[in-house]
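1. mind folding the following:
(chains A, B, C and D)
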Number of protein chains: 2
Amino acid sequence: MAKVSMRDVASRAGVSVGTVSHVVNGSSKVSEATMLKVNDAIEELGFVRNAAARQLRSGRSSSLGLVVLDASNPFFASVAHGALEACDVAGLSLLLGDSGTDEARESKYLDLFAEQRVNGLLVTPSGADLSKLESIASKGTPVMLVDRAPGDFALSSVTVDNVAGGRMALDHLIAGGSSAPIFVGGPLSLPQVADRYAGARDRAREAGIELPLFESSEMTILAGRDVGERIVSLPEAQRPDAVFCANDLLAVGVMQAVIMFTELRIPDDLAIIGYDDIDYALSTIVPLTSVRQPAGLLGRTAVETLLAENESSATAHCDQMFTPELVIRESTRPV
Amino acid sequence: MAKVSMRDVASRAGVSVGTVSHVVNGSSKVSEATMLKVNDAIEELGFVRNAAARQLRSGRSSSLGLVVLDASNPFFASVAHGALEACDVAGLSLLLGDSGTDEARESKYLDLFAEQRVNGLLVTPSGADLSKLESIASKGTPVMLVDRAPGDFALSSVTVDNVAGGRMALDHLIAGGSSAPIFVGGPLSLPQVADRYAGARDRAREAGIELPLFESSEMTILAGRDVGERIVSLPEAQRPDAVFCANDLLAVGVMQAVIMFTELRIPDDLAIIGYDDIDYALSTIVPLTSVRQPAGLLGRTAVETLLAENESSATAHCDQMFTPELVIRESTRPV
DNA sequence: CGTCAATATTGAAACGTTTCAATCGGAATG
DNA sequence: CATTCCGATTGAAACGTTTCAATATTGACG
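-> From the prediction side, this is the model:
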């Protein structure tokens, strides 16, 4: 066990502790010669700086906290991945928390991270009440909401524009000639789903068509397959010519039902468009057109914005909204 | 910004700093009355203990480091999830690192975590040379390899028995009546793939049959589809009656090729079995039989073992190997 | 050779805890 | 009333840095 402190390095190199600190941090001019001596001593002794001590003395911490709803969900995994990239270039460590959409656990992580005096907090909150986060932010720890709008709370956020995404999807379907599209997604209590539907319905109305809602119980492949079975069993006159699904998993489920139970051709008889553009989207039987959400970018931007806010110690809150991007593949008709 | 220290709490409560510490940590008997006073003061002032200071003084850290190959990969996301659960019960924080299978980045995280004086390190190493990890471990920081055997290096590990998993898969195929199975997977330089193949081939030989290898370039759906196309274009006499894929993504790809290009029925004409049992496995068109790897358990066990080793400060290294589990669905013939 | 400025180096005081020997105040005992 | 003992409390010394005013060293210049 190496318990080597700057004191040891200093005495080995024949200089003072202050000088060692300067060498290690480049905080002040040090002559070529002493620098060499000190670096040699560090090498020989295997000195490793003590983050706790430096943080205590300097007051600056070198870590960020990230609390997600479910670390094993690919979307959040990508968010974490992106956040990590940004931390990397800033030389920061990332503390990970997983609330499992449980407010108590979320709160526990918040407390834990407060003790660590993290430089900032990235949180996808579980509940509707963000007052604890607000109070943390007002005490000086920058807080950034991820994939969640702040509503009335005074917090910064990084989100993706779900209304625009919904509109985008319908735009594409209509341009491809669809005159009887439907929307699949749910529950509508999820703000993300509600917004996507709202955007899509608006665009449909502009074209003078309705956008019937086929609500799903959750956002999984199986739920999508259930809805798909409902769709294919409709009388032919009521059958849609296009389906917009609130995420890719639903779209995959719908596609499976269509292929298993009908002879309908995709996209000729029925176009399908998903949302998220997960990795599996381009690997479905008929490659899936999808509205891409930049999960990694979300994480990276959250970190960068937080750091920038920290820098400028601006008190103003900043809401950053990304515009999703349409990725056209073979499950929809070309325009 | 609340900068409240124990000193502030102490003076507010009219006691000494030491007493506050005892109240906060329950480290020594404190009378009911003072305890109340102190807790009141803490509440009023909004005191939060400073992890850096306590770590510096006590020498004990309260965090673990986890370095994975790719944080956005669902397998590692689950590992992280499991590790987090175990940290949770132990009251530890988890620092996350993502090497992207780059040894330099891995090394950078190792250094970063060394500065943080983490209580232990969980690592899925990128390269073959584990001497840096070995040296870290010998300096006193417990290191646990995750999903990777230590080979000749003196390190503890938590893995899943890939040989047994491969054997298990073939066992099931043969029991279902297969007489001409093949193996799909690659590159064989991945120890995981090589072991699965070895186990499967052994079992096949015991039954007096060969297990031809269809090597894939990587372990993705697309690579699987490529191999699938090769398989379906074989002359009928050479066509296998069962396919064992080194992971589920490959299996999905093979399945897609079979459904797209042939009239073969799964499992009657061709059985397919995958590996990992990812969430999507039960959502494929024909639900996929798979050899389940307990990713979450892997992470959780890694943390628990590491903590236990830490406790006992045992110098002996411990290799823990899980046995995978066969999950039978409709893509294989029942026995 | 003396002086001055510039540049390198030093020393010591924090930072907020934990920890432990020392002290205090009572209650119980003789 | 003096003593002993015991639990509750205190005070101060670390822990390993950073930081900054103060000092030492150097080189250039007159």
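2. nearest residue to the residue nearest the centre of chain A other than its sequence neighbours?
-> Most central in chain A under Cα atoms, centre = their mean is A:Val79, positioned 3.7 Å from the mean C-alpha point. Nearest residue to A:Val79, sequence neighbours excluded (Cβ to Cβ, 6 or more residues apart in numbering or on different chains): A:Gly299, at 3.9 Å. (Glycine included, C-beta is placed from N, CA and C.)
3. so how far is A:Met144 from that neighbour?
-> Going from A:Gly299 to A:Met144 by Cβ to Cβ, to the nearest Å gives 10 Å.
4. poorly predicted segments of the stretch 51-200 of chain A, please.
-> Applying pLDDT under 70 to the stretch 51-200 of chain A flags no residue at all.
5. show me where it has helices.
-> Along the stretch 51-200 of chain A, the stretches classed as helices by DSSP state H, counting those that start in this stretch are A:51-58, A:74-90, A:103-115, A:131-138, A:162-175, A:191-206.
6. just to revisit the earlier point, overlap of the contact sets of A:Gly299 and A:Met144?
-> Common neighbours of A:Gly299 and A:Met144, using Cβ atoms under 8 Å, 6 or more residues apart in numbering or on different chains, are A:Leu122.
7. thinking again about what came up before, looking at the helices of the stretch 51-200 of chain A, which is nearest to A:Arg333?
-> When those are compared by Cβ to Cβ, helix A:162-175 sits nearest A:Arg333, at 8.4 Å.
8. between the closest one and helix A:191-206, how many degrees?
-> Orientation check (axes from the mean of the first three to the mean of the last three Cα atoms, to 10 degrees): helix A:162-175 against helix A:191-206 gives 40 degrees.
9. buried stuff in helix A:162-175?
-> A:162-174 (16 or more other Cβ atoms under 10 Å in any protein chain shown).
10. thought A:Val163 was touching A:Asp195, still the case?
-> Yes. Using Cβ atoms under 8 Å, A:Asp195 is in contact with A:Val163, at 5.0 Å.
11. joint contacts of these two?
-> Contact criterion Cβ under 8 Å, 6+ apart; residues shared by A:Asp195 and A:Val163: none found.
12. residues contacting the closest residue to A:Ile266 other than its chain neighbours?
-> What sits nearest to A:Ile266 in space, not counting adjacent residues and going by Cβ to Cβ, 6+ apart, is A:Val286, at 4.7 Å. By Cβ under 8 Å, 6+ apart, the contact set of A:Val286 is A:255, A:266-267, A:272, A:329-331.
13. redo that, cut-off 10 Å
-> A:255, A:258-259, A:265-267, A:272, A:329-332, B:256, B:260 (Cβ atoms under 10 Å, 6 or more residues apart in numbering or on different chains).
14. related to what we said a few turns ago, I figured the residue nearest to the centre of chain A hits A:Val67, correct?
-> No. Taking contacts as Cβ atoms under 10 Å, A:Val79 lies outside contact range of A:Val67: 11.0 Å.
15. mind listing the shared neighbours of these two?
-> A:122, A:124, A:146.
16. the second one: what's its closest spatial neighbour, skipping adjacent residues?
-> Ranked by Cβ to Cβ, 6+ apart and with sequence neighbours excluded, the top spatial neighbour of A:Thr124 is A:Val146, at 4.8 Å.
17. and the strands in the stretch 151-300 of chain A?
-> A:156-160, A:181-185, A:213-215, A:242-245, A:271-276, A:289-292 (DSSP state E, counting those that start in this stretch).
18. which of those sits closest to chain B?
-> In terms of Cβ to the nearest Cβ, the element of the strands of the stretch 151-300 of chain A nearest to chain B is strand A:271-276, at 13.3 Å.
19. send me that closest one as PDB with only the CA atoms.
-> C-alpha atoms of strand A:271-276 as PDB (Å, rounded to 0.1, in the frame of the first residue of the first chain):
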ATOM      1  CA  ALA A 271     -46.100   2.600 -43.800                       C
ATOM      2  CA  ILE A 272     -44.600   2.500 -40.300                       C
ATOM      3  CA  ILE A 273     -42.500   5.200 -38.500                       C
ATOM      4  CA  GLY A 274     -41.000   4.900 -35.100                       C
ATOM      5  CA  TYR A 275     -39.300   7.300 -32.600                       C
ATOM      6  CA  ASP A 276     -35.800   7.300 -30.900                       C
END
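20. what angle do it and strand A:156-160 make?
-> Using the same axes, to 10 degrees: strand A:271-276 against strand A:156-160 is 160 degrees.
21. so strand A:271-276, near chain B or not?
-> No. Applying Cβ under 10 Å from any Cβ of the partner chain, one finds strand A:271-276 out of contact with chain B, separated by at least 13.3 Å.
22. now that strand: mean pLDDT?
-> The pLDDT scores in strand A:271-276 average 96.
23. quick one: strands adjacent to it?
-> strand A:242-245 (parallel), strand A:289-292 (parallel) (DSSP bridges).
24. check the offset of the first one from the chain's centre.
-> To tie it back to what came earlier, the one meant is strand A:242-245. From the chain centre to the centre of strand A:242-245 is a distance of 24 Å (Cα atoms, centre = their mean, to the nearest Å).
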